[in-house]
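Enquirer: A predicted structure for the sequence below; I have some questions about it.
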Number of protein chains: 2
Amino acid sequence: MRLSPRTSVNTAARPRVVIIGAGFGGLEAARALRSVPVDITVIDRHNYHCFQPLLYQVATATLAPSDIAWPIRGILRRQSNATVFMADVTEVDVEQRVVHTDPLAIPYDYLVLATGATHSYFGHDDWAGMAPGLKQIEDATRIRRRILIAFEKAELSPDPAERQRLLTFVIVGGGPTGVEMAGAVAEVARQTLPPEFRNVDLRQSRVILLEAGPRILATFPDDLSAYAQRALERLGVEVRTSTAVTAIDERGVGTAAEHIDAGTVIWGAGVVASPAGQWVGAERDKAGRIKVGPDLAVPGRPEIFAVGDTAAVIGKNGHPVPGIAPAAKQMGRYVADVITARVTGRAAPAPFHYRHQGDLATIGRKAAVVKLKRIHLRGFIGWIFWGLAHIYFLIGIRNRFVVALNWLWNYFTFQRGARLITETGPTVQVSTDAVPPSAPQRGR
Amino acid sequence: MRLSPRTSVNTAARPRVVIIGAGFGGLEAARALRSVPVDITVIDRHNYHCFQPLLYQVATATLAPSDIAWPIRGILRRQSNATVFMADVTEVDVEQRVVHTDPLAIPYDYLVLATGATHSYFGHDDWAGMAPGLKQIEDATRIRRRILIAFEKAELSPDPAERQRLLTFVIVGGGPTGVEMAGAVAEVARQTLPPEFRNVDLRQSRVILLEAGPRILATFPDDLSAYAQRALERLGVEVRTSTAVTAIDERGVGTAAEHIDAGTVIWGAGVVASPAGQWVGAERDKAGRIKVGPDLAVPGRPEIFAVGDTAAVIGKNGHPVPGIAPAAKQMGRYVADVITARVTGRAAPAPFHYRHQGDLATIGRKAAVVKLKRIHLRGFIGWIFWGLAHIYFLIGIRNRFVVALNWLWNYFTFQRGARLITETGPTVQVSTDAVPPSAPQRGR
């Protein structure tokens, strides 16, 4: 066992910064502190950082999980003032300034809460089993499994009504996640797969996007949102705005007007912050986010910060800072600046100011919408911009190369390379699963 | 619903060939029948064909599952006389000539059993939970998870004895699978990961390869088998031949001489055929393989064939045909020839004759052993040959490209691209799992 003084948890000579969560915000904070004389401990319950904006491409079988996720240790490999622990936080003792995990208790001088958000079912937690959301790698492989199994079961089913139910996909929520999922599911069902099925015509698949508000992509300008709706409809997606979901059960989705028989329901409607706010006893908004001060610190606890989806921040325009990756990264970097100033005795930086760089969403092949400050892009140009931007923000040369290769391959062949039905698990409630993994038959 | 006559299961006008299992043997049979006037149904419990020779690279985080697995439907996409069903076979009615699945009953004129093999624990089925084998994608991701979690737990553990136990990996069985796993685990533990851990020195990891026989790689000539042992030892693997395992439990592995405290045990010692022989009531050898006739048909059932690991075949040299991919492919192609001859009224082919093309095994970076007829290769040349041969036998341009890219990247950077701890499941009995997936903390 090699113990260096900086990692001996109870005897740190330099200020100790503990960062909980290695998403965009937490990781950015850790990297921005790389040259600062502090000892950083990054704690995450996963061993990887996930590039969430491309999760929907894992869920729809274009990319593999390892294309969009990197080991946190690998990212911080050369940052000698950073230690990574894969662990669950059980408690934070704000008086003693200790983060409790199993088995370690980790003292801090500064604490950064960057634990992200999870799905919110607006009080209908019973919907979670039927309508999985898309926040983590496991969510994506679970949704991929459900979608692919629906097609397999339809091919086997002798009952026309059951076949149509299996081939009906409802996506709830018309934000970027819902729009991207709807477009990708429609492409898989109506372009990629039909030549491979003999008994069932997958072109009969229905993909229905439900949005409670009056238009999809509400954060985009009217013209782009209208374009996105037309582009989805060209792919065969039925877009229903001003349509709230009132029920979700094993047979499908209910709205005020009708019941939609559907084999697969995907949730893209709401998120709620992780319980980090409860750990530290901070005041929270109704989405569970900590109401931080202008320096992103918890009021009354200047040594505790919250960033990303864990923090409720109002921008200069009076609107909440959106829960997107660039916002989390800006907050992470800002908190690193605040800590650096305090550690080095320099003046504190000006209050946090969020700079909105733009909004992007892709609909499908050759169709995306991009809003930069005064620039609206759409169609093929928007799609190319969207692709280049996402490649640019991926971490690591290998992943950029592999993702670009997969996209080119998909573009030219209409194929998808990651169409595996794997990874069953206790949280996978696939009511449509006819193929239990325990049966004796095996491929060789 | 589009029903074409050839796929309407009960009214086929052409002879119906049902192939159970889309491994190397079953898939080769299906492809070899592509121009023959038969209706083929391929049934597999997975939706993909897995390239098993590279499974160990998934288990050791170099490749992603989708790099070595392809949807069966995609492979047979353009073969219009083939229908694919993802289903479990529940029963074969050999009198009525019907394969029963849920929900379809599929009649056959010819039946090909290509259901492969699974691990055999020589009567110690209770070892299965502690010592997973490596036959399927799920096995590989499960082993990957165990190995990576062992390092994570060692980094967190305050107890030196527990750390050393977690950093001890025992591989049981000195055949190609065991040798390849031992070499790859040693590289991960002693080369890839040490710079990323701060509290524990992974170079203290022990990798122990246990082989009951007098030498490893028993099917290879003496000189190559001795070279392989030296190459493993250079990587730091402790190779113990003539050492049979007598016990496996949560704490490790017992042999006649000692008890080895180990956090991870991997099984590469024995296989047993799937129960296809029971389905058709055929006579089987003690490994469960069907004793087929010279035309690979079940004695007394000339319409039922067995190929690959499902069949017990004695070669001209008096030795059993080995359970390797080329043998399964040769059998699949031969059975397709027999069926073609019967369907077209041509003379039956000569009895099956297995042509052994050679043996390959890799130990690690720049080290492999290759035995072709009179040629023995080893070291760097053997390694290059091994790599090219495997790339060549992969299916699809994309996969060849991605696998080659990953290998090059691994070669030059010593990194591994698929180091994700994911895919928990009910069959994963990770007694060392300190990080349950149900906890509330989330990365963003």
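Expert: Sure, I can see it.
Enquirer: For chain A, which residues score under the pLDDT cut-off?
Expert: Low-confidence segments of chain A, defined by pLDDT under 70: A:1-12, A:423-444.
Enquirer: where along it do the helices fall?
Expert: Along chain A, counting by DSSP state H, helices occupy A:24-32, A:55-59, A:72-75, A:137-156, A:160-166, A:176-187, A:222-234, A:276-279, A:325-344, A:379-393, A:397-413.
Enquirer: Just send those helices back as CSV, with mean neighbour count and distance to residue B:254 too.
Expert: C-beta: built from backbone N, CA, C; applies to glycine. Formatted as CSV, these follow (neighbours: other Cβ atoms under 10 Å in any protein chain shown; distance: least, Cβ to Cβ, whole Å):
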stretch, mean neighbour count, distance to residue B:254
helix A:24-32, 27, 44
helix A:55-59, 26, 42
helix A:72-75, 24, 33
helix A:137-156, 23, 36
helix A:160-166, 18, 50
helix A:176-187, 26, 51
helix A:222-234, 18, 62
helix A:276-279, 23, 44
helix A:325-344, 21, 50
helix A:379-393, 16, 51
helix A:397-413, 17, 41
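Enquirer: can I get these in TSV with distance to residue A:13?
Expert: Shown next, in TSV, are the helices of chain A (distance: least, Cβ to Cβ, whole Å):
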stretch	distance to residue A:13
helix A:24-32	19
helix A:55-59	41
helix A:72-75	24
helix A:137-156	37
helix A:160-166	62
helix A:176-187	45
helix A:222-234	53
helix A:276-279	27
helix A:325-344	13
helix A:379-393	36
helix A:397-413	36
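Enquirer: Tell me which residue in the stretch 151-300 of chain A sits closest to chain B.
Expert: Nearest residue of the stretch 151-300 of chain A to chain B (Cβ to the nearest Cβ) works out as residue A:196 at 3.8 Å.
Enquirer: wouldn't that residue be in contact with residue B:77 here?
Expert: Yes. Using Cβ atoms under 8 Å, residue A:196 is in contact with residue B:77, at 4.9 Å.
Enquirer: Contacts only, for residue A:209.
Expert: Neighbouring residues of residue A:209 by Cβ atoms under 8 Å, 6 or more residues apart in numbering or on different chains: A:171, A:174, A:178, A:179, A:182, A:216, A:232, A:237, A:238, A:239, A:240.
Enquirer: ok, and the closest non-adjacent residue to the fourth one?
Expert: By that I understand residue A:179. Distances taken as Cβ to Cβ, 6 or more residues apart in numbering or on different chains put residue A:361 closest to residue A:179, at 5.4 Å, once the chain neighbours are dropped.
Enquirer: repeat for the fifth one
Expert: When the adjacent residues along the chain are set aside, residue A:182 lies closest to residue A:209, with 4.3 Å between them (Cβ to Cβ, 6+ apart).
Enquirer: Run through the bridge partners of that neighbour.
Expert: Judged by DSSP bridges, the bridge partners of residue A:209 are residue A:171, residue A:239.
Enquirer: Walk me through the domains of chain A.
Expert: With domains defined by automatic domain parsing, chain A comprises A:13-119+A:271-344, A:125-269.
Enquirer: out of residue A:196 and residue B:77, which sits in the busier spot?
Expert: Counted by other Cβ atoms under 10 Å in any protein chain shown, residue A:196 and residue B:77 do not tie: residue A:196 has more neighbours, with 19 against 16.
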